[in-house]
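Enquirer: Sequence plus predicted model, see below.
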Amino acid sequence: MGVYLVSLPAAVQFVGKGQIPHDSPLAWLLALIPGIAVAAVFWAYGKLLVEETDEYVRMVLVRQSLIATGFTLSIVTIYGFFENFGLAGHVDAFYVAVLWFVGLGVGALVNRLTLGSGAAPC
């Protein structure tokens, strides 16, 4: 996340505000780095699921991520139809990841309410 926190403002400053031409390789690189940083978070979460040795903790994490995924896919699908029929404006695709992270919170809440456990113990 440190790479994301450093690279995103740099990309916004240099590429988003036109200080670097959009057709330059540097612009593409600066725009790519924050996305790779977020992809690394997904990889780390997957690695956590694979390497977790406690079956209950793994089940809680899997359930949380499934809830997050269903939450995200439902919202973006409904919004996509709204956008397609001209009922809503365009939203940039990278917000899907943000919505999934919010969905992790929803999944933790559902786990807390139904299992008495919001997330894996640290």
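Expert: Happy to help now that I have it.
Enquirer: ok now the longest helix seen in the chain, how far from the chain's centre?
Expert: Counting residues, the longest helix in the chain under DSSP state H turns out to be helix 55-84. Relative to the mean C-alpha coordinate of its chain, helix 55-84 is positioned 11 Å out (CA atoms, centre = their mean, to the nearest Å).
Enquirer: what packs against that helix?
Expert: On a contact count with 3 or more CB pairs under 8 Å, 6 or more residues apart in numbering; DSSP states H and E, helix 55-84 meets helix 25-51, helix 95-115. Quick note: C-beta positions are derived from backbone N, CA and C, even for glycine.
Enquirer: Looking at these, which is nearest to Ile78?
Expert: helix 95-115 (11.8 Å; CB to CB).
Enquirer: And for that closest one, what's in contact with it?
Expert: With contacts defined as CB atoms under 8 Å, 6 or more residues apart in numbering, helix 95-115 is touched by 38, 42, 60, 63-72, 75-76, 117-119.
Enquirer: Could you list the domains of the protein?
Expert: The record's domain parsing of the chain by automatic domain parsing lists 1-51, 53-122.
Enquirer: I'd like these laid out as TSV, including mean neighbour count and mean pLDDT.
Expert: Output for the domains of the chain, formatted as TSV (neighbours: other CB atoms under 10 Å; pLDDT from 0 to 100):
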stretch	mean neighbour count	mean pLDDT
domain 1-51	13	93
domain 53-122	14	93
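Enquirer: From the centroid of this structure, which residue is nearest?
Expert: Centroid check for the chain by CA atoms, centre = their mean gives Ala97 as the closest residue, at 2.4 Å.
Enquirer: Since that was my last question, I'll sign off now.
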